[in-house]
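Undergrad: A structural model of the following input is requested.
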Amino acid sequence: MVIELKEISIQDIDEYLKVPITLEIHRVLEVKLEDDGLKGIQLVEKELEESYIKDYDDDSDIEGLKDKFDMSNWGFFIASMEDENVGGVIIAYDTPGINMLSGRDDLAVVWDIRVHPEHRGRGIGHMLFQKAVDWSKERDCKLLKVETQNINVPACNFYVKEGCELGCIDRYAYSGDERLSHETMLIWYLELQ
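TA: As a prediction, the model looks like this:
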C-alpha cells in the first residue's frame, strides 16, 4: 500500500470533498463538572443507547471559504492510494478574520482533516497530521490548533496519540445551532517548538 501526498489548490477543492467525512457516533465524551467546575472537569466516555451517523460536511462550507477569506496562506493536501483519494488535510495560517487563529502569526489551525471511512486505521491520518505539523513548522509556528467535538471520540484519541493536549472545553460553543447544540467543542494544541 503506497500512499501519496500531494499539495493542491483551493480550485481543486471538489476533488478533496469527494473523500467522505462520515462517522458512526456510538459513544461520546460526557462533560462532568465537580462542584460546578470549581473542583474540576472530567470527560467520561459514555456509550449511547442509539448510534447515529454524523457527516461533518453537512456542518461546514469548505467550498464557500474561498469567497470569505484570502486563502493564500492555507495548505491543501490530498492523500491518494492507487488513484483513489483516501484522505486530506487543510491548514490555515496568518489569515485575518479567522477567529481560530486568534490574530496570531505563530499559530496554525488544522481546518479539516479526513480519512475515507474504508481506509481508516492504516496510518493515513498520521501522515496527514504530520504533513500539517511540518507545513506549520515551515512557517515558524509555535502551536498547531485543532477543533473537534465530544461526539468524535476516535478523533480525540487520535489527537492524544499525535501528542496534542486538550486546551479548551466549550460546552456552549454550538448552543446557537439547534443541530449541534448537544455537542461540546474541544480544542487541542500541539507545541511545535
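Undergrad: strands of the chain, start to end?
TA: Secondary structure of the chain by DSSP state E: the strands cover 4-8, 22-33, 41-55, 75-81, 84-93, 107-115, 143-149, 165-170, 185-191.
Undergrad: these into JSON lines, with extra columns for mean pLDDT and distance to Lys68?
TA: Yep, even glycine has a C-beta here, placed from its N, CA and C like the rest. JSON lines is the format used below for the strands of the chain (pLDDT from 0 to 100; distance: least, Cβ to Cβ, whole Å):
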{"stretch": "strand 4-8", "mean pLDDT": "96", "distance to Lys68": "19"}
{"stretch": "strand 22-33", "mean pLDDT": "96", "distance to Lys68": "25"}
{"stretch": "strand 41-55", "mean pLDDT": "95", "distance to Lys68": "22"}
{"stretch": "strand 75-81", "mean pLDDT": "96", "distance to Lys68": "16"}
{"stretch": "strand 84-93", "mean pLDDT": "96", "distance to Lys68": "12"}
{"stretch": "strand 107-115", "mean pLDDT": "97", "distance to Lys68": "12"}
{"stretch": "strand 143-149", "mean pLDDT": "98", "distance to Lys68": "17"}
{"stretch": "strand 165-170", "mean pLDDT": "97", "distance to Lys68": "22"}
{"stretch": "strand 185-191", "mean pLDDT": "98", "distance to Lys68": "20"}
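Undergrad: deepest of those, which one?
TA: Ranked by mean neighbour count, the strands of the chain are led by strand 107-115 with a mean of 25 (mean count of other Cβ atoms under 10 Å).
Undergrad: got the CA positions of that one in CSV?
TA: Provided in CSV are the C-alpha atoms of strand 107-115 (Å, rounded to 0.1, in the frame of the first residue of the first chain):
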residue,chain,number,x,y,z
LEU,A,107,-0.3,29.6,15.2
ALA,A,108,-1.7,27.3,12.5
VAL,A,109,-5.0,25.6,12.6
VAL,A,110,-5.9,22.2,11.2
TRP,A,111,-9.1,23.4,9.5
ASP,A,112,-10.1,20.0,8.2
ILE,A,113,-8.6,16.5,8.3
ARG,A,114,-10.4,13.5,6.8
VAL,A,115,-9.7,9.9,6.0
